[in-house]
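Q: Structure for this input, please:
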Amino acid sequence: MELSTMQGACILTTGSAVPDSTISNHEISQVVDTSNEWIVTRTGIKERRLLTGCNQSVIDLAVLAAQRALKNIEMNPQEIDLIILATSSPNDLFGSASQVQAKIKAVNSVAFDLTAACSGFVLGLVTAAQFLQNGAYHTVLVIGADVLSKWIDWEDRSTCILFGDGAGAVIVQACSSLNNGILGFNLNTDGNYSHQLSISYKENRLVDFKPPIMQGAFDYITMNGKEIYKFAVSQVPLSILKCLQKLDINLDKVDWLLLHQANERILKAIADKLSIDLMKVISNVSKYGNTSAASIPLALDEAVQQDKIKKNDLIVISGFGAGLTWGTVIIKWTN
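A: Residues are numbered from 1 along each chain as shown. Coordinates of the predicted model:
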């Protein structure tokens, strides 16, 4: 997709939620052949949060993150026009956004799921901004939520150490161009490499009709870590630079770099390629692991709650992952 600029969309508030249960590297080492040192050295992850209850799902986390965002500005959920739930782990294959809508009582909103894995929140935010820009809606709730622990093979050391569960939310509202918060974006897809990170569907049962019908189920997460690393470190900096150049913004004007929290080594490598000081990199991957679509809004909310982000700060946000998809959004913090 060509680079585009947007006007009249501002983030009003943030919210997030994580499960209560914490799983440490030591606990994982009791299940697979690994160690705390091995995991921290290669990923920077020290622990992650996982849903453990039988009756809990991605909806519970998404609802809580949304409610916290609403509470922060004392907004009535009936003011929401649209809900976009970015998730690759719905509890219903037909979608979970409508259940979130019902639970938060956003009775005037339309709701739909958006599936783009670790890039999901960026694509959701861009989608929301388009609806606001063209006047179709006034207030949009964007949620990134995933519970990939449900899709992990706990005997696969290459993936079970990485993923955690969580949710993050932002409320985006139409605003005047003078107060514009979402300055521009750049989105990309290369489906030729989709097999490098996937949850594939496998046919495993034959129903004896004429002709016969095959049925199956989704498998566990599979990932080629080396290829995903090379992809992220090569393509994400290019996306960021294209976005900034189109907006005529120099790298030294960037206050914060907020990347998908995949792996600490990837965050450092991208920052190094861009010559951005690590002090400007927002990171919480050590506490939560890779929470897929939740990672960016979860880290954003944490930074806001810690009062790191100030008014008029320039934030570069980039997501990357399965698809393969990647994208950048440039935000001026107007809150």
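Q: Which pLDDT value goes with the residue nearest the centre of the chain?
A: In the chain, the centroid-proximal residue (CA atoms, centre = their mean) is Ala293; its distance is 2.3 Å. On pLDDT, Ala293 comes in at 98.
Q: what does Gln7 give?
A: We note a pLDDT of 59 for Gln7 in this prediction.
Q: Start the count at 69 instead of 1 going forward.
A: Done: numbering now begins at 69, and the last item shifts to Gln75.
Q: Ramachandran angles for Tyr180?
A: For the record, residue 180 is Phe, not Tyr. For Phe180, the backbone dihedrals (degrees, to the nearest 10) come out as phi -150, psi 160.
Q: Then Gly387?
A: When read as degrees, to the nearest 10, the backbone of Gly387 gives phi -110, psi 150.
Q: Show me the beta-bridge partners of it.
A: Assessed by DSSP bridges, Gly387 has beta-bridge partners Gly395.
Q: now do Val238
A: Beta-bridge pairing of Val238, defined through DSSP bridges, involves Thr82, Val210.
Q: one step back: ok, the residue nearest to the centre of the chain - contacts?
A: Going by CB atoms under 8 Å, 6 or more residues apart in numbering, Ala361 touches 154-156, 184-189, 192, 212-214. Quick note: C-beta positions are derived from backbone N, CA and C, even for glycine.
Q: Next, count neighbours for the closest residue to Val372 other than its chain neighbours.
A: Excluding its sequence neighbours, the residue lying closest to Val372 (CB to CB, 6 or more residues apart in numbering) is Thr82, at 5.1 Å. The number of residues packed near Thr82 is 23, by other CB atoms under 10 Å.
Q: quick one: pLDDT of Thr82?
A: 98.
Q: Over to Asn272?
A: Listed pLDDT for Asn272 reads 79.
Q: Help me confirm that it comes into contact with Ala285.
A: Yes: between Asn272 and Ala285 there is a contact under CB atoms under 8 Å: 6.8 Å.
Q: my read is the residue nearest to the centre of the chain is in a helix, agree?
A: Yes: under DSSP: H, G, I helix; E, B strand; the rest coil, Ala361 falls within a helix.
Q: how close does it sit to Asn93?
A: The gap separating Ala361 from Asn93 is 24 Å, by CB to CB, to the nearest Å.
Q: got the contact list for the residue nearest to Val372?
A: Listed by CB under 8 Å, 6+ apart, the contact set of Thr82 reads 137, 140, 236-238, 365, 368-369, 372.
Q: Need the residues you listed in JSON lines (columns: distance to Leu327 and neighbour count).
A: As requested, those are arranged in JSON lines below (distance: CB to CB, whole Å; neighbours: other CB atoms under 10 Å):
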{"residue": "Ala137", "distance to Leu327": "22", "neighbour count": "26"}
{"residue": "Asn140", "distance to Leu327": "24", "neighbour count": "17"}
{"residue": "Gly236", "distance to Leu327": "14", "neighbour count": "32"}
{"residue": "Ala237", "distance to Leu327": "19", "neighbour count": "34"}
{"residue": "Val238", "distance to Leu327": "17", "neighbour count": "28"}
{"residue": "Pro365", "distance to Leu327": "13", "neighbour count": "31"}
{"residue": "Leu368", "distance to Leu327": "11", "neighbour count": "28"}
{"residue": "Asp369", "distance to Leu327": "15", "neighbour count": "24"}
{"residue": "Val372", "distance to Leu327": "17", "neighbour count": "19"}
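Q: Keep only those of these that are in helices.
A: 137, 140, 365, 368-369, 372 (DSSP state H).
Q: between those residues, which is closest to Asp258?
A: Using CB to CB, Pro365 comes nearest to Asp258 of the ones in helices among the contacts of Thr82, at 24.5 Å.
Q: Can you check the pLDDT for the closest residue to that closest one other than its chain neighbours?
A: What sits nearest to Pro365 in space, not counting adjacent residues and going by CB to CB, 6+ apart, is Gly236, at 2.5 Å. At Gly236, the model reports a pLDDT of 98.
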